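J.: next come a sequence and a model predicted from it.
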Amino acid sequence: MVDVGEKRETQRVATASGHIRMLAATFDLIKSGGAKKGDVLGIARIAAIQGAKRTPDLIPLTHPLMITKVAVEFILDESASSVECRAVVETIGRTGVEMEALTAVSAGLLTIYDMVKAVDRGMTISDIRLLEKKGGKSGDYVAN
């Protein structure tokens with residue numbers, strides 16, 4: 001693990017996103033709230049938040065952080081039969097929260113897959129990426 005003891009604490013923010021594409025009927029099932037397992041997006045939001053909080057348990061050598069905020073939103077694109085998961089994670093600390101934001105998105109999308117896989121095993125998860133980060137020694141980053 002990298003020694004961050006000498007770094008000063010600053011506000012850190014990271015935003016990540018990813019997509020899951022599916023059949024139109026599966027999209028409609030999610031949108032209408034008719035999935036047999038329950039509220040797909042509500043449960044995926046909880047999974048994303050838990051993913052951010054549990055990142056050090058999942059990704060070797062990441063630091064346990066005192067996360068101050070996790071916000072997760074799902075953007076439905078009916079024309080593409082896809083759902084975008086976007087997560088914003090914040091902390092005041094000595095290391096960034098990029099991995100927490102990326103883990104949140106991954107957990108959220110995997111949960112969507114799990115909740116409706118019985119009706120559509122061909123769903124595709126893609127484009128998981130860091131959109132933006134603020135704070136820290138390396139400065140700000142915004143994806144193209």
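T.: Right, received. Where do you want to start?
J.: could I get whichever helix in the chain runs longest in CSV with only the CA atoms?
T.: Using DSSP state H, we find that the single longest helix of the chain is helix 98-116. Below are the C-alpha coordinates for helix 98-116, written out as CSV (Å, rounded to 0.1, in the frame of the first residue of the first chain):
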residue,chain,number,x,y,z
GLU,A,98,-11.7,7.2,-8.0
MET,A,99,-11.7,3.5,-7.2
GLU,A,100,-14.7,3.9,-4.9
ALA,A,101,-16.7,5.6,-7.7
LEU,A,102,-15.7,2.9,-10.2
THR,A,103,-16.6,0.1,-7.8
ALA,A,104,-20.0,1.8,-7.1
VAL,A,105,-20.8,1.8,-10.8
SER,A,106,-19.7,-1.8,-11.2
ALA,A,107,-21.7,-3.0,-8.3
GLY,A,108,-24.8,-1.1,-9.4
LEU,A,109,-24.6,-2.5,-13.0
LEU,A,110,-23.9,-6.1,-11.8
THR,A,111,-26.9,-5.9,-9.5
ILE,A,112,-29.2,-4.8,-12.4
TYR,A,113,-27.8,-7.8,-14.3
ASP,A,114,-28.5,-10.2,-11.4
MET,A,115,-32.0,-9.0,-10.8
VAL,A,116,-33.2,-9.5,-14.4
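J.: same for that helix, what does it pack against?
T.: Secondary-structure packing of helix 98-116 (3 or more C-beta pairs under 8 Å, 6 or more residues apart in numbering; DSSP states H and E): strand 10-21, helix 24-32, helix 40-53, helix 55-58, strand 67-77, strand 82-93, strand 124-134. C-beta coordinates here come from the backbone N, C-alpha and C atoms, glycine included.
J.: any chance of these in TSV with mean pLDDT as columns?
T.: Compiled in TSV, these are given as follows (pLDDT from 0 to 100):
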stretch	mean pLDDT
strand 10-21	97
helix 24-32	97
helix 40-53	98
helix 55-58	97
strand 67-77	98
strand 82-93	97
strand 124-134	98
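J.: could the ones you listed be laid out in TSV, adding mean neighbour count and distance to D114?
T.: Formatted as TSV, these follow (neighbours: other C-beta atoms under 10 Å; distance: least, C-beta to C-beta, whole Å):
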stretch	mean neighbour count	distance to D114
strand 10-21	21	11
helix 24-32	16	12
helix 40-53	21	9
helix 55-58	16	16
strand 67-77	16	15
strand 82-93	22	14
strand 124-134	15	11
